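[1] Predicted model, plus sequence, below.
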Amino acid sequence: MKNPKINMLLNSLFRNAIPDFIAEWKGLTGIDVHTEPLGYTDIPSKIMGEAVAKTGAFDMFNDFPYTAPDAAGAQVILPLDDFAAKGKPDFTGIPGAFLAQQRYNGKLYSMVLDGDHIMLVLRKDIVENPKARAAFKSKTGKDLGCPATMADWEEQAKFFHTKAGQTRWGIKFEKPLYGAMAYRSVNFSHRHFPAYFGGLLFDKDMKPRISTKQGIKAIKAFASIVKYMPEDIQGWGTPQIYPFWGSGQAYSVMSFPSIFGYANSNPKSTVKGKQIPCVIPATTAPDGPPVRRAAEAAGTSYMVNAHGKNPELAYYFIQWLTSPSVGSRAIAHPKGFWDPYRTQNIGHPGILKKFGPEFLKATMENAKYTTSLLYIEGHYEYMKVLDNNLADVMNNNLTAEKAAAKIEKGWNRVTEDIGRDYQIKVWRKGVNDGLYVDKF
């Protein structure tokens, strides 16, 4: 092949880190990789557009795993099983939920390189402040530290929420200190909701469970803590949340794990060395004891375009990039947004330097509770219904009960549009294959 080249549609979050690995790959193989960065909210429609246009402009797609079911249904991505039979990729050390996300309806469609299960981070300098600890103990009767439940987190958020100009615990706050931050915008709210719901969103026949007592409690808890977050939080994504956390204007943040590494490595961060990583707090929404559910809220995966010109070359680049050794170096990259997710990452010197042993211990513990977001065709349609109605609850336009009824109606409509019998089959298989912590 003369002047071989492969083309990738790239999640723009990785535009500053991927060039180093492309250069290394070219040095090893002589094959160049051209990338076209695009915002993550626009990539799914770009991929689905390729199903119709069949341009072959890209050989591979970099996107959240949740695009795979629709893309597979549209036959715009290739099953990778035949390539993998020859290439023999190393999937050792990857938690079961992540392994299951690489497959859809029994076939391998993608490879992951990211542990984006959400976690909580607290301000270490505030938690360890003796005056703050004593005041919190006096007020609540509890020791200050990683909260056990979502209710405990909101209690801490309320206590530490501070107006500009106040002096508390010997600290003069020139700017407000917000008690909490988390993703609460359309396109993102659904990524945090499983941590509040704590179970399967549908029963075995795809009947929504959102209108149950469990669903109502989850919606109320999800919306309640927003009053301790920045006023514009419902319009924020990663480009706003990460720098704001680094500015030191929040006590706590629930986010992708890379926020911890960002705040430790970004030159403008004021909270370097001042963070406590916490396992996801448990939810009390389900009947019975509290449960922890750390949704794989985004992640980054790599898929091969069925209409691309060089599918096998694209596959081998993906296998190389996501391998234990190269993948660990990617996660360690100071400009990258990849997160630790497999056991081989734990002892890597670069990852230890970027995240620290305390973080690695917490995030690997958190991985035990990792559950997939809804991994069936129509994912984005189902989740848009959820996000829009959660927004109405947060804005006091709907009660939790009315929102749940609207969500149930919308979800049933999506299921019927795609085909209930087909959705039931794929949904049951995903549950049985370990995509979700919970079972029927």
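    Received the coordinates, thanks. This structure is a prediction, so every number in the text was calculated from the model and none was measured. Residues are numbered from 1 along each chain as shown.

[2] element containing residue 406, please.
    helix 400-418 (DSSP states H and E).

[3] Alpha carbons only: can I get that helix in PDB?
    Taking Å, rounded to 0.1, in the frame of the first residue of the first chain, the C-alpha atoms of helix 400-418 are listed here in PDB:
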ATOM      1  CA  ALA A 400     -41.300  14.300  40.400                       C
ATOM      2  CA  GLU A 401     -44.500  12.300  40.100                       C
ATOM      3  CA  LYS A 402     -45.700  14.100  36.900                       C
ATOM      4  CA  ALA A 403     -42.200  13.900  35.400                       C
ATOM      5  CA  ALA A 404     -42.000  10.100  36.100                       C
ATOM      6  CA  ALA A 405     -45.400   9.700  34.300                       C
ATOM      7  CA  LYS A 406     -44.100  11.600  31.300                       C
ATOM      8  CA  ILE A 407     -40.800   9.700  31.200                       C
ATOM      9  CA  GLU A 408     -42.700   6.400  31.300                       C
ATOM     10  CA  LYS A 409     -44.900   7.500  28.400                       C
ATOM     11  CA  GLY A 410     -41.900   8.700  26.400                       C
ATOM     12  CA  TRP A 411     -39.900   5.600  27.000                       C
ATOM     13  CA  ASN A 412     -42.800   3.300  25.900                       C
ATOM     14  CA  ARG A 413     -43.100   5.400  22.700                       C
ATOM     15  CA  VAL A 414     -39.400   4.800  21.900                       C
ATOM     16  CA  THR A 415     -39.700   1.100  22.600                       C
ATOM     17  CA  GLU A 416     -42.700   0.700  20.300                       C
ATOM     18  CA  ASP A 417     -41.000   2.700  17.600                       C
ATOM     19  CA  ILE A 418     -38.000   0.400  17.600                       C
END
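
[4] Now do it: which elements does it pack against?
    helix 213-224, helix 379-394 (3 or more C-beta pairs under 8 Å, 6 or more residues apart in numbering; DSSP states H and E). For the C-beta atoms, the positions are set from N, CA and C on the backbone; glycine is no exception.

[5] Of the ones you listed, which is nearest residue 75?
    Minimum separation from residue 75 across the helices and strands packed on helix 400-418 (C-beta to C-beta) falls at helix 379-394, 16.9 Å.

[6] Now do residue 23 against residue 17, distance only.
    Look at residue 23 and residue 17: by C-beta to C-beta, to the nearest Å, they are 12 Å apart.

[7] Name the residue in those two with the higher neighbour count.
    When neighbours are counted by other C-beta atoms under 10 Å, residue 23 and residue 17 differ, and residue 17 comes out ahead with 16 against 12.

[8] ok, now which ones touch that one?
    Counting by C-beta atoms under 8 Å, 6 or more residues apart in numbering, residue 17 touches 330, 333, 335-338.

[9] ok, the residues you listed vs residue 30, which is closest?
    Here the nearest of the contacts of residue 17 to residue 30, counting by C-beta to C-beta, is residue 330; it sits at 21.1 Å.

[10] partner strands of whichever strand or helix holds residue 62, parallel or antiparallel?
    Assigned by DSSP H and E, residue 62 belongs to strand 60-63. Paired strands of strand 60-63, with direction, are strand 5-11 (parallel), strand 301-304 (antiparallel) (DSSP bridges).

[11] Can you give me the domain assignment for the chain?
    5-112+301-336, 119-295 (automatic domain parsing).

[12] okay, how far is it across the first one, tip to tip?
    One end of domain 5-112+301-336 to the other measures 23 Å (C-alpha to C-alpha, to the nearest Å).

[13] can you check stretch 48-61 too?
    End-to-end distance of stretch 48-61 (C-alpha to C-alpha): 11 Å.

[14] So which residues of the protein form strands?
    5-11, 32-38, 60-63, 103-104, 107-108, 111-112, 119-123, 167-168, 171-172, 252-255, 275-278, 294-296, 301-304, 370-372 (DSSP state E).

[15] quick one, which of the ones you listed is nearest to residue 389?
    strand 294-296 (18.0 Å).

[16] quick revisit: reformat the strands of the chain as a markdown table; add mean pLDDT and distance to residue 146.
    Listed next are the strands of the chain as a markdown table, based on pLDDT from 0 to 100; distance: least, C-beta to C-beta, whole Å:
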| stretch | mean pLDDT | distance to residue 146 |
| --- | --- | --- |
| strand 5-11 | 97 | 30 |
| strand 32-38 | 98 | 36 |
| strand 60-63 | 98 | 32 |
| strand 103-104 | 96 | 33 |
| strand 107-108 | 98 | 37 |
| strand 111-112 | 97 | 27 |
| strand 119-123 | 98 | 7 |
| strand 167-168 | 97 | 21 |
| strand 171-172 | 94 | 21 |
| strand 252-255 | 98 | 10 |
| strand 275-278 | 98 | 4 |
| strand 294-296 | 94 | 13 |
| strand 301-304 | 98 | 30 |
| strand 370-372 | 93 | 18 |
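
[17] Tell me which of these approaches residue 316 most closely.
    strand 5-11 (9.3 Å).

[18] ok, and what's touching that closest one?
    Contacts for strand 5-11 (C-beta under 8 Å, 6+ apart): 18, 31-38, 40, 43, 46-47, 57-63, 300, 308, 310, 313-314, 317.

[19] for stretch 307-324, same thing?
    Identification of contacts with stretch 307-324 by C-beta under 8 Å, 6+ apart yields 4-8, 21, 25, 31, 33, 50, 54-56, 58-60, 76, 78, 80, 83-84, 87, 89-90, 92-93, 111-113, 302, 304-305, 326-327, 330, 342, 344.

[20] Please read off the pLDDT at the closest residue to residue 220 other than its chain neighbours from the model.
    Excluding its sequence neighbours, the residue lying closest to residue 220 (C-beta to C-beta, 6 or more residues apart in numbering) is residue 400, at 4.8 Å. Residue-level confidence at residue 400 comes out at 99, pLDDT.

[21] just checking, residue 435 touches residue 373?
    No - applying C-beta atoms under 8 Å, one finds residue 435 not in contact with residue 373, separated by 9.2 Å.

[22] now stretch 171-181: how far from the chain's centre is it?
    Centroid separation for stretch 171-181 versus its chain: 26 Å, with C-alpha atoms, centre = their mean, to the nearest Å.

[23] Kindly check the end-to-end length of it for me.
    21 Å.

[24] Compute the inter-axis angle for the helix holding residue 406 and helix 379-394.
    Between helix 400-418 and helix 379-394, the angle comes out at 170 degrees (axes from the mean of the first three to the mean of the last three C-alpha atoms, to 10 degrees).

[25] Return the set of buried residues in helix 400-418.
    By neighbour count on 16 or more other C-beta atoms under 10 Å, the buried set for helix 400-418 is 400, 403-404, 406-408, 410-411, 414-415, 418.
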